[in-house]
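Asker: Generate coordinates for the sequence data below:
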Amino acid sequence: MNLLEPGCLGTCWYGKYHYLEPWAGCAHDCHYCYARFRAPVKEELSRLNTSFDRPRPLAPASDLPRLVADAVRSRDARIVKLCRYTDALNPGFVRDGLAWEVLDALAGSPVERVILTTKGLPDERILALLRKRKAKFSYNAAARPAGLDLEPGLPALESRLEAAAALARDGVKTTIHLDPLVAGLDDGEPLAALLASLKRLGLRRVMFSYLLLSDDILARLRQKLPPGTCARLAGAYDLSRADEYLPGQRDSASYSLRKDVKRACVARLAEALAGLGFEFVICSLKSAPGPEREEFRHAHPCDGSFYA
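Answerer: Next up is the predicted model:
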């Protein structure tokens, strides 16, 4: 696992950005997290002699900000995404100031754009930095509807949304990432309640993507959820075959949503978002035109530029 890596083949905006991974592991410890099962993460956790829920920096904390600045300069990184396998706002690193130091190093670097996607809660110093450097930072607050208990370690949703709303009011490009949505379970009353909260807070830019389901994730969910709930969740997927979500990365093999389930869910979401006046992206719709893209013409193309 490297501090800075090019964006992955198979992801939107491939070739135009780099991932920054300042630490391995994530104290948020969400039940659905795919990162805990990826080979580079497991190898790095072993090297650092820690577990996934006890994240550690990839380098000594005193050296990390300098190494971040050096890495983006040496790789001529123009757009940096935080993060692929962790969360830049892990609570321990927010408390001790290391998260701010990493963001400050990026703010002072030649990087043109920093895309921060987080389930964490920024402190006042981080909020001030993002406001001050709003031409450089995009802020993506990842949030789920409150139906299923999949994120017991996260800060309160209300606090996270209020922080996002404060940044949006101050001119920081702010997007809410409804991620991961569980098709058939999230797209009813829980989603309606969340969208009402977003509208009330003035958070009108939304994107969404669906739960990645692999054998490892399914086994963990079966440990954490009531059997009936887990059976309903799994029933939305075609469990006959798992395909590589990212080409050439076997440990990314995941099951696909059943086509009828996905289409019905996308239609409900697109109708709700358009009806409430949201700007939105459907992550399954790529930038190339086609029948599905035309059907949901209110959605922005999913080419990465919406949230950057």
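Asker: count of neighbours near Arg125?
Answerer: Arg125 has 14 neighbours, counted by other CB atoms under 10 Å. C-beta here means a position set from N, CA and C on the backbone, and glycine is covered the same way.
Asker: what about Gly92, which helix or strand?
Answerer: helix 91-95 (DSSP states H and E).
Asker: Show me what counts as buried in that helix.
Answerer: For helix 91-95, the buried set under the neighbour-count rule, 16 or more other CB atoms under 10 Å, comprises 91, 93-94.
Asker: Then stretch 74-94?
Answerer: Going by 16+ other CB under 10 Å, stretch 74-94 has these buried residues: 77, 79-91, 93-94.
Asker: who does whichever strand or helix holds Arg200 touch, helix- and strand-wise?
Answerer: Applying DSSP H and E as the criterion places Arg200 in helix 189-201. Where contact means 3 or more CB pairs under 8 Å, 6 or more residues apart in numbering; DSSP states H and E, helix 189-201 is packed against helix 157-169, strand 173-181, helix 259-275.
Asker: between the ones you listed, which gets the lowest average pLDDT?
Answerer: Lowest mean pLDDT within the helices and strands packed on helix 189-201: helix 259-275, a mean of 89.
Asker: Packing partners of that helix?
Answerer: Checking 3+ CB pairs under 8 Å, 6+ apart, helix 259-275 ends up next to helix 189-201, strand 205-210, strand 279-286.
Asker: closest one to Ala69 among these?
Answerer: strand 205-210 (29.4 Å; CB to CB).
Asker: Ala59 - nearest residue in space that isn't next to it in sequence?
Answerer: Leu67 (5.3 Å; CB to CB, 6 or more residues apart in numbering).
Asker: was I right about the one you found contacting Pro57?
Answerer: No: Leu67 is beyond contact range of Pro57, at 9.6 Å (criterion: CB atoms under 8 Å).
Asker: How many residues are close by Leu127?
Answerer: For Leu127, using other CB under 10 Å, the count is 17.
Asker: before we move on, what about the one 3 residues further on?
Answerer: Using other CB under 10 Å, Leu130 is surrounded by 24 other residues.
Asker: confidence score at the residue nearest to Ala59?
Answerer: On the pLDDT scale, Leu67 gets 98.
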